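Asks: This is the structure alone, sequence omitted:
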């Protein structure tokens, strides 16, 4: 998992679009998105169906990313030392390891609060990009949630009942929101799962299900 930080929402959107064109699975995260779109972006990043979160400093604090974050990339140099610390704090949590990259243009000076780079390992950001492999997980979006009396157990049972080659161990994080649910499944099975479920009923009601975007 890689988080790329920008100072503005316009840059975060541009980064996400550019990285998608390069073939990476990317979501953007910034204040201009609706609450539902922000929730969806975080859920897809947490469950591993996207490898990169391109964000403003809105994501520098308060996000609980299960499994931790492997790479932090400062695309834009942070404006304050506090922001620098909070961004870096997204990785290497609870004793885990992580890497931090600062992109520096030719002739660009870095602020005094940055550490002594003589002690850092210089290299290319391609090291981080290479580790952001194409995820083998896909997120499915079901148009039913808590307000429709849907639980994680209901969703898991729905998946397993109509997909004989799927086991409970294959199913990843299930996020039940008020009126929709996001569930992580193996990419190799995603197409067949969609076909198998579109004519089925969840708790007696036909429920729309698609890939999350």
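Replies: Perfect, thanks for sending it. Quick caveat: nothing in here was measured; it's all calculated off a predicted structure.

Asks: Please tell me I have it right and residue 4 contacts residue 73.
Replies: Yes. Residue 4 is within contact range of residue 73, at 4.5 Å (criterion: Cβ atoms under 8 Å). In this view, the C-beta of every residue, glycine as well, is placed from N, C-alpha and C.

Asks: Show me which of those two is the more surrounded one.
Replies: residue 4 (28 against 22; other Cβ atoms under 10 Å).

Asks: how about that one, secondary structure?
Replies: strand (DSSP: H, G, I helix; E, B strand; the rest coil).

Asks: What of residue 114?
Replies: Residue 114 is classified as coil under three-state DSSP.

Asks: any chance you could map the strands in this protein?
Replies: 2-5, 26-29, 52-55, 71-74, 99-102, 137-142, 174-176, 181-186, 201-202, 205-206, 209-211 (DSSP state E).

Asks: any idea what sits nearest the residue most central in space within the chain, other than its immediate chain neighbours?
Replies: With distances taken as Cα atoms, centre = their mean, the residue of the chain nearest its centroid is residue 45 (1.5 Å). Closest residue to residue 45 in three dimensions, ignoring its sequence neighbours and counting by Cβ to Cβ, 6 or more residues apart in numbering: residue 53, at 4.7 Å.

Asks: go on, residue 192?
Replies: Nearest to residue 192 is residue 163, by Cβ to Cβ, 6+ apart, at 7.0 Å.

Asks: Next one: the one you found from residue 182, what distance?
Replies: 17 Å (Cβ to Cβ, to the nearest Å).

Asks: out of the two, which sits in the more crowded spot?
Replies: Shown here are residue 163 and residue 182; by other Cβ under 10 Å, residue 182 has more neighbours (25 against 18).

Asks: Poorly predicted segments of this protein, please.
Replies: Scanning the chain for pLDDT under 70 picks out 66-67, 92-96, 116-134.

Asks: please redo it, this time with the cut-off set to 50
Replies: Scanning the chain for pLDDT under 50 picks out the ranges 125, 128, 131.

Asks: so what's the backbone phi/psi at the residue of it positioned farthest from its centre?
Replies: Relative to the C-alpha centroid of the chain, counting by Cα atoms, centre = their mean, residue 107 is the outermost residue, at 32.9 Å. Main-chain dihedrals, residue 107, degrees, to the nearest 10: phi 80, psi 0.

Asks: could you measure it against residue 144, distance?
Replies: For residue 107, the distance to residue 144 - Cβ to Cβ - is 55 Å.
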